[in-house]
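below: sequence and its predicted model.
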Amino acid sequence: MVYVLDTHILLWYFTGNKRLAKRFKDIIDKTRNEGGLLLIPTIVLAESLYLHEKGRVEFDFDKMFRFIEKEPEFEVIGFGVEVFEEVTRLKNIPELHDRIIAATAKFYVAEVLSIDKSFT
């Protein structure tokens, strides 16, 4: 089980937001309890930090980041040349941040957990 979390899913999971679909919560909980990987692209962390700093979402970013670093099922994935090559091929996704998330999932052969229709 390998999944890539987008920004909404990560923040809603971490904050316990009721907007997180039960399906996504169950997938994340199962992965954390039974093994697998929950990949967090650095762009998702950057978007989370931005939302925190702008006051658009109230949460403790440092606490979330420490949580991600500590939990073995979470892995932060950098935006390297291999993922960038995938980005250049995903022309059907107009939003660059979403393209990076999709490219990360494609490179790691993972499913994107997202509410965004761009990933379906």
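Thanks, I have it. Just so you know, these numbers come straight off a predicted model, no measurement behind them. Numbering: from 1, shown residues only.

listing request: residues of the protein with sub-threshold pLDDT.
Flagging of the chain using pLDDT under 70 yields the residue ranges 120.

quick one: Val57 is in a strand?
No - for Val57, which was evaluated using DSSP: H, G, I helix; E, B strand; the rest coil, the result is coil, with no strand membership.

burial count for it?
A total of 17 residues lie near Val57 under the criterion other Cβ atoms under 10 Å. All C-beta atoms are positioned from the backbone trio N, CA, C, and that covers glycine.

just the element for the closest residue to it other than its chain neighbours, please.
On the basis of Cβ to Cβ, 6 or more residues apart in numbering, the spatially nearest residue to Val57 that is not a chain neighbour turns out to be Leu51, at 4.5 Å. With the criterion set as DSSP states H and E, the secondary-structure element containing Leu51 is helix 42-53.

give me the residues contacting that helix.
For helix 42-53, the surrounding residues in contact (Cβ atoms under 8 Å, 6 or more residues apart in numbering) are 5-7, 10-11, 57, 59, 61, 64-65, 68, 76-79, 97, 100-101.

now do the buried residues in it.
43-45, 47-48, 51-52 (16 or more other Cβ atoms under 10 Å).

how about stretch 15-30?
Within stretch 15-30, the residues that qualify as buried are 20, 24-25, 27-28, counting by 16+ other Cβ under 10 Å.
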